[in-house]
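S.K.: Here is a sequence together with a model predicted from it:
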Amino acid sequence: MPANYFPVAVLQNSLKLTTEPPRGLKANMTRCYANYSQEYLESCGAKDKITVWRKLMFNFAFFHAVIQERRKFGPLGWNIRYEFNDSDLETSNIMLKGFLENQDEIPWDALLYITGLINYGGRVTDPQDTHALATILEKYCSNASLSNDYKFSQSGIYYAP
């Protein structure tokens with residue numbers, strides 16, 4: 001919005017910085033993991049659950065990358081264009097860490113509900129998109145996804161390390 005009291009010279013000598021969402025699953029995953037330090041990857045309080053923590057963190061990061069990539073397919077990806085961002089992933093990881101540290105078993109139903117319907121689903125307004133989001137999340141957030149031979153795709157290309 002124009003303002004008479006703001007000097008034009010400041011605008012002419014300024015730079016505008018924007019953060020564009022990464023393009024592609026690899027770039028998206030790289031960006032997610034660039035925000036994590038080694039301390040954070042090992043920060044789950046329960047020593048016996050660090051492997052589960054790392055695996056589910058990867059699964060959430062991959063889920064985040066997949067739902068962001070669906071945007072480029074227009075109405076085939078989502079009925080309405082949603083702006084999922086890093087705070088959705090960060091909040092999901094915080095909730096995951098809390099569940100792992102405070103409970104003996106992973107409450108899968110609670111984790112699916114909080115992540116799918118509250119953290120990410122809070123942005124989703126279309127009922128079909130809500131269902132699609134929940135269905136996609138079930139692939140990445142399940143007891144089966146913790147096994148070493150679990151594949152995210154039928155081709156077997158995508159799997160958690």
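M.R.: Happy to help now that I have it. As the structure is a computational prediction, the values presented were derived from the model and not from experiment.
S.K.: drop to CA atoms for contacts and neighbour counts, all remaining ones
M.R.: Fine.
S.K.: Next up, the contacts around the residue nearest to Ile157 when sequence neighbours are not counted.
M.R.: Nearest residue to Ile157 in three dimensions, chain neighbours excluded: Lys151, at 7.5 Å (Cα to Cα, 6 or more residues apart in numbering). Residues in contact with Lys151 (Cα atoms under 8 Å, 6 or more residues apart in numbering) are 145, 157-160.
S.K.: Out of those, which end up buried?
M.R.: Taking 16 or more other Cα atoms under 10 Å as the criterion, what is buried in the contacts of Lys151 is 145, 159-160.
S.K.: With distance to Val10 added, can I get the residues you listed in CSV?
M.R.: Converted to CSV, the buried ones among the contacts of Lys151 look like this (distance: Cα to Cα, whole Å):
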residue, distance to Val10
Ser145, 53
Tyr159, 50
Ala160, 49
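S.K.: Could you pull up the residues touching the spatially most central residue of the chain?
M.R.: Computing the C-alpha centroid of the chain and ranking residues by Cα atoms, centre = their mean puts His64 first, at 3.0 Å. For His64, the contact set (Cα under 8 Å, 6+ apart) comprises Leu89.
S.K.: Quick one: name whatever helix or strand follows whichever strand or helix holds it.
M.R.: Per DSSP states H and E, His64 falls inside helix 50-69. Heading C-terminal from helix 50-69, the first helix or strand you meet, by DSSP H and E, is helix 86-102.
S.K.: for the next helix or strand after that following helix, packing partners?
M.R.: Per DSSP H and E, the first helix or strand lying C-terminal to helix 86-102 is helix 108-112. If you count contacts as 3 or more Cα pairs under 8 Å, 6 or more residues apart in numbering; DSSP states H and E, helix 108-112 packs onto helix 127-140.
S.K.: so the helix it packs on versus helix 50-69, what angle?
M.R.: Computed by axes from the mean of the first three to the mean of the last three Cα atoms, to 10 degrees, the angle separating helix 127-140 from helix 50-69 equals 150 degrees.
S.K.: All set, thanks.
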